[in-house]
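Chemist: predicted model, plus sequence, below.
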Amino acid sequence: MTAATENLQAPANVLPGFSQISRSWDREHSIQAAKILPGEYYVTTSDELITTVLGSCISACIRDPLTGVGGMNHFMLPGNKDTKKNKWAGVDCLETRYGIAAMENLINDVLKQGSRKERLEIKLFGGGEVLKMETTNVGKRNVQFALEFVRAEGLAVVSEDLGGPYPRKVNYFPKTGKVMVRRLRSLQTKAIIEHERKFESSLETTQQSGSIDLFD
Amino acid sequence: MKILVVDDSPAMRMMVVRTLRQAGFGGNDVTQAEDGAIALEAIRKETPDLVLADWNMPNMTGIELLEALRAEENNVDFGFITTESTTEVRKKATDAGAKFLISKPFTVEAFEKVLSTVLS
């Protein structure tokens, strides 16, 4: 039995709520890898790799250096046809609720594992301007939101690779905080854009938000 | 009408206040607290008519705040706005005396429906 096979049979512990995340053995880095898709996030206490591919979407990589607990999300703000409302600082765009929820989910799950908010180390990636035919720049809007969010929350951004005309592959090692970003060639852009458009469409057309329970 | 918004995230507090306005409740006196402990002190002094609280917060969580209020026989209308929406969380919320739970990300429509019912 090879080492890789052994590891596949005995993967690192998965925290509750993350069993649906696709995980496999990464031969290049000899480590268990969790691959997250648009709308997903993943938090781990183990020595794992978290990986994703970004077009105009954003990923925040967040960890507590003291505990080594960390995670990554992958989100975008759904399109707003009224560009006058496409601003975040004045909170005039309710689409930002998706971004805030994505950040809050990730931060809360890192904190639940014994981390402290004031120690959190944030790295931001993505927001590529890859949808060239769009009148509104989706990537730029996502970047603006991410930067405004961390500023409003008083979180420390230790590194970022945002914007630019290319998609990215991000590999994050939350135990050490190391990130490897690869800017992808245009050949791969079409498939990534298609994937993100489907995700954006799902945000706009399905009832993913606002579920309510009245207890009386 | 006094509404107290309790959330440790400044961004989320801004969004909740904004959504209250968009849902037609902007005419109310809306104040904010950044965790359960600060909210508890504020509620003792200000006696709001409705508390909208996050679940996960440092110092005192939303459910701890609700339990502390009920222990003091304070029956202020109380609802959660949270990313936590498991069956266990819903049961804890109802057992403690919450009136509703709105899941994040929320909509203006969710606010309209819940608040018009609760505040009527």
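Modeler: Okay, I see it. Everything numeric in this text was worked out from a predicted model, so none of it was measured.

Chemist: C-alpha from now on. contacts and neighbour counts both.
Modeler: Noted.

Chemist: residues of stretch A:28-48 that come out buried?
Modeler: A:31-48 (16 or more other CA atoms under 10 Å in any protein chain shown).

Chemist: let me know the pLDDT of the nearest residue in space to B:Pro48 that is not next to it in sequence.
Modeler: Residue nearest to B:Pro48 in three dimensions, not counting chain neighbours: B:Lys2, with 4.7 Å by CA to CA, 6 or more residues apart in numbering or on different chains. Predicted confidence (pLDDT) at B:Lys2: the value is 96.

Chemist: now do the phi/psi pair for B:Lys2.
Modeler: Note on B:Lys2: its backbone torsions stand at phi -110, psi 130 [degrees, to the nearest 10].

Chemist: who's it bridged to?
Modeler: B:Asp29 (DSSP bridges).

Chemist: state the distance from it to chain A.
Modeler: Using CA to the nearest CA, to the nearest Å, B:Lys2 is found at 20 Å from chain A.

Chemist: residues from chain B in reach of chain A?
Modeler: Neighbours of chain A within chain B, by CA under 8 Å from any CA of the partner chain: B:9-12, B:14-15, B:18-19, B:56, B:83, B:94, B:98-107, B:109-110, B:114.

Chemist: strands along chain B, start to end?
Modeler: B:2-6, B:29-33, B:50-53, B:77-82, B:100-103 (DSSP state E).

Chemist: so which of those is nearest A:Met72?
Modeler: Closest approach to A:Met72 among the strands of chain B (CA to CA): strand B:77-82, 19.9 Å.

Chemist: so which bits of that closest one are buried?
Modeler: B:Asp77, B:Phe78, B:Gly79, B:Phe80, B:Ile81, B:Thr82.

Chemist: save those residues as a markdown table, and put in pLDDT too.
Modeler: Output for those, formatted as a markdown table (pLDDT from 0 to 100):
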| residue | pLDDT |
| --- | --- |
| B:Asp77 | 96 |
| B:Phe78 | 98 |
| B:Gly79 | 97 |
| B:Phe80 | 97 |
| B:Ile81 | 96 |
| B:Thr82 | 93 |
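
Chemist: wait, which of those is closest to B:Ala23?
Modeler: The closest of the buried residues of strand B:77-82, once distances to B:Ala23 are taken by CA to CA, is B:Ile81, at 15.0 Å.

Chemist: my read is that the closest one contacts B:Gly62, right?
Modeler: No - at 9.5 Å, B:Ile81 does not count as touching B:Gly62 under the criterion of CA atoms under 8 Å.

Chemist: what is in contact with the two at once?
Modeler: Counting by CA atoms under 8 Å, 6 or more residues apart in numbering or on different chains, the residues touching both B:Ile81 and B:Gly62 are B:Ala53, B:Asp54, B:Trp55.

Chemist: which pLDDT value belongs to the last one?
Modeler: Spelled out, that is B:Trp55. Per-residue confidence for B:Trp55 comes out at a pLDDT of 96.

Chemist: state the pLDDT value of the closest residue to it other than its chain neighbours.
Modeler: The shortest distance from B:Trp55 to any non-neighbouring residue, by CA to CA, 6+ apart, is to B:Gly62 (4.4 Å). Listed pLDDT for B:Gly62 reads 98.

Chemist: averaging pLDDT per element, find the lowest-scoring helix or strand in chain A.
Modeler: helix A:3-9 (a mean of 44; mean pLDDT, DSSP states H and E).

Chemist: and the next helix or strand past that one?
Modeler: strand A:22-26 (DSSP states H and E).

Chemist: in its sheet, what does that following strand sit against?
Modeler: So strand A:22-26, judged by DSSP bridges, has these partners: strand A:31-35 (antiparallel).

Chemist: using CSV, list the CA coordinates for the strand it pairs with.
Modeler: Only the C-alpha atoms of strand A:31-35 are listed here, as CSV (Å, rounded to 0.1, in the frame of the first residue of the first chain):
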residue,chain,number,x,y,z
ILE,A,31,-1.1,16.5,1.8
GLN,A,32,-4.8,16.1,2.1
ALA,A,33,-6.6,18.7,0.0
ALA,A,34,-10.0,20.2,0.4
LYS,A,35,-11.4,21.7,-2.8
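
Chemist: I'd like the average pLDDT over that strand.
Modeler: pLDDT averaged over strand A:31-35 gives 97.

Chemist: chain center to it, what's the gap?
Modeler: In terms of CA atoms, centre = their mean, to the nearest Å, the centre of strand A:31-35 is found 15 Å from the chain centre.

Chemist: and B:Val114, how close does it get to A:Asp213?
Modeler: Look at B:Val114 and A:Asp213: by CA to CA, to the nearest Å, they are 8 Å apart.

Chemist: any common contacting residues for these two?
Modeler: Joint contacts of B:Val114 and A:Asp213 (CA under 8 Å, 6+ apart) are B:Phe100.

Chemist: minimum distance to chain A, which residue of chain B gives it?
Modeler: B:Phe106 (3.7 Å; CA to the nearest CA).

Chemist: in contact with B:Trp55, which residues?
Modeler: B:Thr61, B:Gly62, B:Ile63, B:Phe80, B:Ile81, B:Thr82, B:Thr83, B:Glu84 are the contacts of B:Trp55 under CA under 8 Å, 6+ apart.

Chemist: now do the helices in chain B.
Modeler: B:10-20, B:36-46, B:62-71, B:87-96, B:108-118 (DSSP state H).

Chemist: good, we can wrap up now.
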